[in-house]
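Asker: predicted structure and sequence below. I'll ask about it afterward.
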Amino acid sequence: MFWQALVGVDMKFRLLILAFLLLVFPLFSSTLLFSGQAEILGQWQRQLIETDADFRGLCAVNGKVAWVSGTRGTFGLTVDGGKTWQVGVVAGAEKLDFRDVEAFGEETAYLMAAGPGPASRIYKTIDGGKTWGMQFQCTDKMAFLDSLAFWDKDHGIAMGDPVGGKNQLIATEDGGAHWVVLPSDELPLSLPKEGAFAASGTCLVTQGKEQVYFVTGGATVARVFHSGDRGKTWEVTEAPVKAGNESSGIFSIGWRNQQIGLVVGGDYRKPESSGATAAITRDGGKSWKGLSDRLPFCSAVAWARGRWVAVGTAGSFESFDDGDTWKRLDRGNYNAVHFTPEGEGWAAGPKGMLVRFLRNPSDK
C-alpha cells in the first residue's frame, strides 16, 4: 500500500525512501515486533504463562529449560526456551509461597516455601513436576526460610531468619533425602532486628565447590556473611548499602567470578529512591565499595555473560562496567532475575510477570 502511494515519483527518490526505511526499521523493531503471541519490549520478551501467581523464585538451567515459582503453591516449567510454559500447583501446598526454586534439568527441581514455622518447607520433584515430595518442614514456630542454593546435585544449603540470635542454616549431602541443622557455634551473632529478605531467592548463593554467601538487612547496617567450607565456619563484613529499618538492606548478591561480586538492595518501601543501593567487591567479599552511579531499589542482580542485570519494582537495568554506570532497560515490575553461564536468562515478578532476555546477535 505504501509503495503504491509513490506511483509517479521518480525511481531515484523511491530508492532513497526505501533505503531510509531499511535503516530506521531496526531501531523500532525491539518495541514493535511480536514473536507469535509474545510481545517484545526492549531487551525482554514477555512469556505467556497461564497463571497470575506472584513469582519470586527463578532458575534458568540452560537456554531451553527454566523453572519459576510463586504464591498459591505455583510452579512453572519451560523446556523449549520459553515458547510454552507448563504450570502446576503442588498438592497439599496450595496456600504456600514458593520463594525459591533450584533445578538440575527438566526433571529434577527443588521448591522452597517461605513462611512462619511449619509453612517453611522444601519439596523435590524428579519427574518434571508431575509429583512432589516434601523433604523438610520447620518445626520451630519462630523459623522462617529465606533462600535455597546448591553446590551440585547432592550438596545444598538453605538459610532462614535468626532463631535464638543466629540465622538458621540447614544442609543436605544426599540430594535432599536428609536435611540437617548446621551447628551455629562459628556463625556470628545477628544484630538487633537483622534478617534476610526472601524476595528473589538470591539472598543466599553458593560459588565454586565450597563457598557460600548470604546477605542481610533490617538492622543499623547491611552485612555479607561468607563461609569457605560449606557453612562450617563464617566471617561477616559490612557493606555500604542503605539499612536502618525493617524494609531496607541488601536483598541480593551475585558473582561475576571468584573475586568480583555485586550486592543490591535499598528500601522496598521507596522503590524509586536511589540512595546507597548497590556495592561491589573485587577481593572475594573481604571488602565492599559503594557504587557511585546508584540504582533505584533492586531485589535481584545477576551476571549475564558480559553484563550485569539488576531488577526491582521500578524496572530493570544493565551495566557493562561492573556497576560504574547503568542503563535502564524498562520500567517493568520484577522480583527475580537469573542467568545461565552462557548468558541465557529470565526475569519474573508479580501477577504472572515473566520475561526472557533477548541478546543481541553481535553479543560475544
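Answerer: Alright, I've got the coordinates.
Asker: gap between the two ends of stretch 68-84?
Answerer: End-to-end distance for stretch 68-84: 13 Å, by C-alpha to C-alpha, to the nearest Å.
Asker: so how far is it off the chain centroid?
Answerer: Distance of stretch 68-84 from the chain centroid (C-alpha atoms, centre = their mean, to the nearest Å) equals 14 Å.
Asker: okay, buried residues for that stretch please.
Answerer: Within stretch 68-84, the residues scored as buried using 16 or more other C-beta atoms under 10 Å are 68-79, 82. C-betas here are computed from N, CA, C, even on glycine.
Asker: ok, now stretch 154-165?
Answerer: H155, G156, I157, A158, M159, G160, D161, P162, V163.
Asker: count of residues packed around the residue lying closest to the first one once chain neighbours are set aside?
Answerer: Counting by C-beta to C-beta, 6 or more residues apart in numbering, E173 is the residue found nearest to H155 once chain neighbours are left out, at 5.6 Å. The tally of other residues near E173 (other C-beta atoms under 10 Å) stands at 13.
Asker: E173 reaches D154, doesn't it?
Answerer: Yes: with contacts counted by C-beta atoms under 8 Å, E173 reaches D154, the gap being 6.2 Å.
Asker: P192: which of the buried residues of stretch 154-165 is nearest?
Answerer: For those, the closest approach to P192 (C-beta to C-beta) belongs to P162, at 9.9 Å.
Asker: so who does the nearest residue to the closest one once chain neighbours are set aside touch?
Answerer: Once flanking residues are discounted, P162 sits nearest to S190: 4.1 Å by C-beta to C-beta, 6+ apart. Contact analysis of S190 by C-beta atoms under 8 Å, 6 or more residues apart in numbering lists P162, G165, K166, N167, T216, A219.
Asker: try A302
Answerer: T202, G254, W308, V309, A310, V337, H338, F339, G345.
Asker: same question, D146
Answerer: Counting by C-beta under 8 Å, 6+ apart, D146 makes contact with R99, A114, M159, G160, D161, G195, A196, F197, A198, C203, L204, F214.
Asker: quick one: contacts for the first one?
Answerer: Looking back up the chat, that one is R99. R56, G57, S69, G70, M112, A113, A114, D146, S147, A198, A199, G201.
Asker: cool, the second one as well?
Answerer: Taking C-beta under 8 Å, 6+ apart, we find A114 in contact with D97, R99, D100, S120, F144, L145, D146, A198.
Asker: so which of the contacts of R99 belong to strands?
Answerer: R56, G57, S69, G70, M112, A113, D146, S147 (DSSP state E).
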